[in-house]
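Engineer: need a structure here:
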Amino acid sequence: MQLQLKKPPKFWESRIFWLVILIIFTSSASGFISGAVSGAYFSSYIRDYLSKLNISMPAPNPDAIRERPIYLPQTTQEEAVIKVVKDTSPAVVSIIISKDLPIIEEYYINPFPEFFGEGFQVPQFRQKGTEKKQVGGGTGFFISSDGLILTNKHVVADTKADYTVITNDGKKIPAKVLARDPVQDLAIIKVDQEKTFPTLIPGDSNKLQPGQTVIAIGNALGEFQNTVSVGVISGLARTISAEGGGTVETLEDVIQTDAAINRGNSGGPLLNLKGEVIGINAAMSVEGQNIGFAIPINKAKKDIESVKRRGKIVYPFLGIRYILINDAIKEKNNLAVDYGAWIQKGEGGESAVYQGSAAEKAGLKEGDIILEFNNEKITTDNSLAKIIIKYNPGDKIILKILRNNKELDIELILGERTE
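Structural biologist: Numbers count the residues shown, from 1 in each chain. Model (predicted):
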């Protein structure tokens with residue numbers, strides 16, 4: 001005999017279940033009826049009271065409610081970006097690089113008709129004149145209403161090329177290179193036309209903060225004029241080696257951003273949300289994504305002023321080749337100090353001290369270590385190049401040097417370096 005478990009009665013089959021249902025239904029109905037009666041009573045009472053005061057209650061209009069549009073307000077940042085792009089784009093230009101290239105004509109000859117017959121032909125090539133072709137492109141922006149344009153040096157590095165500026169409204173204007181910075185990847189070109197041009201306002205790149213929103217505008221890929229990209233400042237004071245215009249340069253203290261900087265964007269402005277230029281787009285990483293670099297605008301201000309005053313870019317020139325000393329170089333070469341600029345010959349055996357330079361006139365020699373420049377200590381973080389750029393040709397300065405384990409003070413007058 002098999003035992004079976006007795007199933008308990010289902011809950012909804014019990015009297016308690018139906019009693020609970022009856023209570024809930026009665027309560028709901030009572031509440032509904034009470035609400036309707038009280039609502040009607042108070043509505044009638046309020047209407048009577050307002051009518052005594054000569055005030056009428058307008059009836060709701062369902063159609064008006066349904067037709068009311070729903071607006072999704074733009075964020076403050078989005079509005080700022082749109083305004084900056086609208087205000088600054090007229091001052092951004094595309095730079096077209098053109099060269100006279102040979103026209104190569106292909107033709108055929110039969111060098112050995114006596115051996116191979118008339119059907120044998122060998123291709124030959126000859127030049128048939130030249131034609132002007134576009135070989136590259138970049139970006140720039142007006143820094144003066146009379147046509148001065150700031151861009152990268154590698155954009156206008158070819159001295160045999162012709163340069164044409166395309167303004168935001170599509171006009172093509174020939175441009176000439178006024179000055180190429182001998183140290184930084186900066187250049188200034190000019191267009192001549194009887195009109196005033198819109199200009200951009202320089203900001204203060206010393207006040208930048210990581211995470212700050214920035215806008216890049218440029219001639220992306222050399223064909224998409226005034227392309228806009230938005231990002232943030234990813235880092236400050238970066239040092240990179242960049243290749244472009246047939247040269248490789250080390251760029252110090254540059255701004256890193258994740259705003260897209262593509263080929264052709266070089267020389268374009270990097271803007272803050274006030275519409276101020278805080279950098280000049282210069283390079284991108286080909287290995288990573290959204291890693292671009294811009295030269296701080298404060299580095300260009302001296303160039304702009306120099307061109308406006310002198311028609312060229314000039315730098316103070318000391319006239320030495322050197323190696324910045326760190327712990328590794330100190331130990332490897334058994335030096336007495338772990339900082340300073342160690343005067344040495346170039347990798348190809350070039351002279352350590354330039355002939356006729358301020359350094360030679362002051363008596364600096366190969367092997368000397370410059371410890372301080374006008375009481376400012378020279379380190380890998382505060383290099384000689386960073387320090388000297390603060391001065392002008394003709395400035396009198398004092399160098400503290402280490403020679404044969406003895407410290408000496410040497411006074412000299414800085415020379416001039418141009419392109």
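Engineer: What are the buried residues along stretch 400-417?
Structural biologist: Neighbour-count burial for stretch 400-417 flags Lys400, Ile401, Leu402, Ile410, Leu412, Leu414, Gly415, Arg417 (criterion: 16 or more other C-beta atoms under 10 Å). (C-beta placed from N, C-alpha, C; glycine too.)
Engineer: show me the contacts for the third one.
Structural biologist: Each residue near Leu402 by C-beta atoms under 8 Å, 6 or more residues apart in numbering is listed here: Ala336, Val337, Gly340, Asp368, Ile369, Leu371, Leu408.
Engineer: so what's the first one closest to, chain neighbours aside?
Structural biologist: Counting by C-beta to C-beta, 6 or more residues apart in numbering, Ala336 lies nearest to Asn405, which is 5.8 Å off, once chain neighbours are set aside.
Engineer: State the distance from Val165 to Asp395.
Structural biologist: 36 Å (C-beta to C-beta, to the nearest Å).
Engineer: what stretches of the protein score poorly on pLDDT?
Structural biologist: 1-75, 100-131, 222-223, 242-249, 288, 419 (pLDDT under 70).
Engineer: all helices of it, in order?
Structural biologist: 15-52, 62-67, 76-88, 113-116, 297-310, 327-333, 358-362, 384-388 (DSSP state H).
Engineer: about what we covered before: more neighbours, Val165 and Asp395?
Structural biologist: Neighbour totals were compared for Val165 and Asp395, and Val165 leads with 23 against 13 (other C-beta atoms under 10 Å).
Engineer: Thought Ser94 was touching the more buried one, still the case?
Structural biologist: Yes: with contact defined as C-beta atoms under 8 Å, Val165 reaches Ser94; the gap is 7.2 Å.
Engineer: hmm, back to that, using CSV, please lay out the buried residues of stretch 400-417 together with distance to Met284.
Structural biologist: As requested, the buried residues of stretch 400-417 are exported to CSV (distance: C-beta to C-beta, whole Å):
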residue, distance to Met284
Lys400, 40
Ile401, 40
Leu402, 41
Ile410, 43
Leu412, 40
Leu414, 35
Gly415, 35
Arg417, 29
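Engineer: Widest-spaced pair of those residues?
Structural biologist: Maximum pairwise distance in those, criterion C-beta to C-beta, is 25.3 Å, between Leu402 and Arg417.
Engineer: quick one, domains of this structure?
Structural biologist: The record's domain parsing of the chain by automatic domain parsing lists 90-191, 201-312, 316-417.
Engineer: possible to save those as CSV with distance to Glu79?
Structural biologist: Output for these, formatted as CSV (distance: least, C-beta to C-beta, whole Å):
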stretch, distance to Glu79
domain 90-191, 19
domain 201-312, 10
domain 316-417, 38
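Engineer: closest to Ile82 out of those?
Structural biologist: Per C-beta to C-beta, nearest to Ile82 of these: domain 201-312, 9.6 Å.
Engineer: Just to check, Ala282 is in contact with Ala294?
Structural biologist: Yes: using C-beta under 8 Å, Ala282 is in contact with Ala294, at 5.8 Å.
Engineer: which neighbours do the two share?
Structural biologist: With C-beta under 8 Å, 6+ apart as the test, Ala282 and Ala294 both reach Val254.
Engineer: was I right about the residue nearest to Ala336 contacting Leu335?
Structural biologist: No: at 10.1 Å, Asn405 and Leu335 do not qualify as touching, with contact defined as C-beta under 8 Å.
Engineer: picking that back up, just so I know, which of the domains of the chain lies nearest Lys83?
Structural biologist: domain 201-312 (7.4 Å).
Engineer: Centre of the chain to that closest one, how far?
Structural biologist: 3 Å (C-alpha atoms, centre = their mean, to the nearest Å).
Engineer: residues in contact with Val232?
Structural biologist: Contacts of Val232 (C-beta under 8 Å, 6+ apart): Pro210, Gly211, Gln212, Thr213, Val214, Thr257, Asp258, Ala259.
Engineer: distance of Ile369 from Gln355?
Structural biologist: From Ile369 to Gln355 the distance is 21 Å (C-beta to C-beta).
Engineer: Relative to Thr227, how far out is Ile261?
Structural biologist: 10 Å.
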